[in-house]
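Asks: Got a predicted structure here, sequence first:
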Amino acid sequence: MPAQFLLFGDSITQRSFGEDNQPGWGSLLAHTFQRQVDIINRGLSGYNTTHALQVSPFIITPSTTKHTKLFTVFFGANDAALEHISPQHIPLNEYKSNLITIVEQIKAVRASPSIPIIVITPPPVDEGAWFAQCKITNNAQTLPNRTNSAAKAYGEAAKDAFKTSQYLSENVFLCDSFDALGGNDDNYIRHLNDGLHLSGSGNVALYDALIKVIVDECKISFDEDERSFPYDFPEWREMLEGIAIFSPTHYPKGLNAPFLNGTKEEIVEFGESKFEDPAVRDIAKCRDEIVRRIGNLEGKVVADVGAGTGLFLDAFKRAVGQNGKVIACELSPAFASHLEGKFGDDEVVEVVRCTAKNSNLKDRGVAVDVSFICDVYHHFLYPKMFMRSLWDATEVGGRVVVVDFIRDENVHKSHAAGWISSHVRGGQEVFRGEIEDCGWAWVEDLTGIDGMEENYVMVFQKRDSGLCVEVKK
């Protein structure tokens, strides 16, 4: 589920997606954050803040806003209607109190205190144009029911309510639409299409003011190089490169975020608790037997791809002996640094930092005999490109051993129901097909490993020196 912005307001929000082939400030937001954010329009024509409070418990709830990363609250155009002339009128102090209540409701349910709330003040009013518009629908109306001075007063009340250090510290911000549309001079009239609602230029002016608040004050970026909200799905060039498609709900910050985001100490502690407990992890319980079943490794070069905290490195070091080599290939800077500190002076174990697309093993000056990928293949972001890099680094006759989770809710019991289906993007047959498509020949499944209940082990071989299947770029 992508991030969402929730726009809560009256008809100026309802119409924010544009009318009569003119842009709307909401549609401009959607354009700016395309593929990054879903814009949810909860604009309710004619509503004042008292009406809004009657429906807000159904709109602003933990379940409906759990993906919301920004809120706008845009009421006041109807509250500011003149008393004794319009039933929409709400007294100024009551409007201010209602607005505070709405913001407090949002604060109570937003997923994090860091999620911004932007209160937009009422826009200016062209009294003559709006009166003429009202006469079209109600010929009996004899007096204007909106004035520019009232709109300004209600905007000042909103600013007075929220322009405090308390609310700024709570990530509540203001966008002054009255000022943005030039309400203090005669030029604002061109920004209104009927005296009250925004014209195309008015929507653009409001958007410009709002996006400035979003970027400068809320610190939300939409720039390609530093966007705050990543694309839910890959760009087409990445699709050509064979990027893995994973659950954005399960991995909201990326496929390998737990191993990339945080301090070294936090990531290593997380990894050790996750990987090395025999009571909950088959690979820890069966480590020595897995290494034994791979076969004679004396004098061989073994690459432990995604070595993590180093669970298998000592076992491989014993297996290859003093004449062999163990390469710990790791994407996570935290894990790589941890392993470098542990094996920095070791004559057998070497740590190599890889990327999502390249194992960086080809240029080590020694061909790999066995690559070991344990509970890691499902974390490959570019599986075909990475498997090709292993092919290029592997001796003819060399093998790849892949250990991964059985993607079956009836088999997988060490995590909560539903975890395995979200965490692992494909089953054994899917992963085997991907690896074979890269030129690797399936040899066998290593079965019958005592205690191995939630994992399978597949063995592949490089049987000729031809190039691995090309991945289009």
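Replies: The structure has been received and is ready for your questions.
Asks: part of a strand, is Gly397?
Replies: Yes: looking at Gly397 with DSSP: H, G, I helix; E, B strand; the rest coil, it is inside a strand.
Asks: Quick one: residues contacting it.
Replies: Residues near Gly397 by CB atoms under 8 Å, 6 or more residues apart in numbering: 461-463. For every residue, glycine as well, the C-beta is placed using N, CA and C.
Asks: Let's see if you can find the most crowded of the residues you listed.
Replies: Lys462 (24 neighbours; other CB atoms under 10 Å).
Asks: Would you map the strands across the stretch 51-200 of the chain?
Replies: 68-74, 117-120, 172-175 (DSSP state E, counting those that start in this stretch).
Asks: out of the ones you listed, nearest to Leu446?
Replies: strand 68-74 (45.6 Å; CB to CB).
Asks: now for that closest one, which elements pack on it?
Replies: Packed against strand 68-74 by the contact rule (3 or more CB pairs under 8 Å, 6 or more residues apart in numbering; DSSP states H and E) you find strand 3-9, helix 11-14, strand 37-43, helix 92-109, strand 117-120.
Asks: What is the last one packed up against?
Replies: Under the contact definition 3+ CB pairs under 8 Å, 6+ apart, strand 117-120 sits against strand 68-74, helix 92-109, helix 148-162, strand 172-175, helix 200-212.
Asks: The shortest one - contacts with which helices or strands?
Replies: The elements that strand 172-175 packs onto, with contact taken as 3+ CB pairs under 8 Å, 6+ apart, are strand 117-120, helix 148-162, helix 200-212.
Asks: so which of those is the most packed in?
Replies: strand 117-120 (a mean of 24; mean count of other CB atoms under 10 Å).
Asks: mind listing what that one pairs with, with the direction of each?
Replies: Strands adjacent to strand 117-120 in the sheet, as given by DSSP bridges, are strand 68-74 (parallel), strand 172-175 (parallel).
Asks: would you turn the ones you listed into CSV with mean pLDDT?
Replies: As requested, those are exported to CSV (pLDDT from 0 to 100):
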stretch, mean pLDDT
strand 68-74, 98
strand 172-175, 96
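Asks: What residue, apart from its backbone neighbours, is nearest Asn41 spatially?
Replies: Distances taken as CB to CB, 6 or more residues apart in numbering place Leu7 nearest to Asn41, at 5.3 Å, with adjacent residues excluded.
Asks: roughly how far apart are the one you found and Lys66?
Replies: 17 Å (CB to CB, to the nearest Å).
Asks: The two: which has the busier surroundings?
Replies: Leu7 (25 against 12).
Asks: from memory that one sits against Val37, does it?
Replies: No: using CB atoms under 8 Å, Leu7 is not in contact with Val37; the gap is 11.4 Å.
Asks: quick one: contacts for Leu361?
Replies: 303, 327, 329, 352, 354, 368, 389-390, 393.
Asks: Quick check: of the contacts of Gly397, which lies closest to Asp345?
Replies: Lys462 (32.0 Å).
Asks: Let me see the contact set for that closest one.
Replies: 391, 394-400, 439-441.
Asks: could you dump the helices and strands packed on strand 117-120 to CSV with distance to Asp288?
Replies: As requested, the helices and strands packed on strand 117-120 are arranged in CSV below (distance: least, CB to CB, whole Å):
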stretch, distance to Asp288
strand 68-74, 47
helix 92-109, 51
helix 148-162, 63
strand 172-175, 58
helix 200-212, 59
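Asks: Select, out of the ones you listed, the one closest to Phe431.
Replies: strand 68-74 (33.7 Å).
Asks: Let's see the closest one as CSV, backbone CA atoms only.
Replies: Extracted C-alpha coordinates of strand 68-74, given in CSV (Å, rounded to 0.1, in the frame of the first residue of the first chain):
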residue,chain,number,x,y,z
THR,A,68,-1.5,8.5,5.8
LYS,A,69,1.7,10.5,5.7
LEU,A,70,0.2,14.0,5.6
PHE,A,71,-3.2,15.6,6.4
THR,A,72,-4.7,18.9,5.2
VAL,A,73,-7.6,20.5,7.0
PHE,A,74,-9.3,23.1,4.9
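Asks: List the contacts of that strand.
Replies: Contacts for strand 68-74 (CB under 8 Å, 6+ apart): 3-10, 12-13, 37, 40, 43, 65, 99, 102-103, 106, 110-111, 115-120, 175, 177, 210, 214, 218, 220, 228-229.
Asks: contacting residues around Asp20?
Replies: Asn193.
Asks: With Gly195 as the reference, measure out to it.
Replies: Distance from Asp20 to Gly195, counting by CB to CB: 16 Å.
Asks: Who is Phe8 paired with across the strands?
Replies: Arg42, Val73.
Asks: Where does pLDDT dip in this structure?
Replies: The chain contains residues with pLDDT under 70 at 138-142, 465-473.
Asks: circling back: among the contacts of Lys462, which ones are buried?
Replies: 391, 394, 398-400, 439-440 (16 or more other CB atoms under 10 Å).
Asks: Quick check: the farthest pair among the residues you listed?
Replies: Taking CB to CB as the measure, the buried ones among the contacts of Lys462 have their most distant pair in Arg399 and Gly439, spaced 13.4 Å apart.
Asks: still on that earlier bit, now the helices and strands packed on strand 172-175 as TSV including distance to Asp363?
Replies: Compiled in TSV, the helices and strands packed on strand 172-175 are given as follows (distance: least, CB to CB, whole Å):
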stretch	distance to Asp363
strand 117-120	52
helix 148-162	59
helix 200-212	46
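Asks: With respect to Asn358, which of those lies nearest?
Replies: Between the helices and strands packed on strand 172-175, helix 200-212 lies closest to Asn358; by CB to CB that is 38.1 Å.
Asks: Contacts for that closest one, please.
Replies: Here helix 200-212 has contacts from 16, 18, 22-25, 28-29, 32, 72, 118, 120, 123, 175-177, 179-182, 190-193, 198, using CB under 8 Å, 6+ apart.
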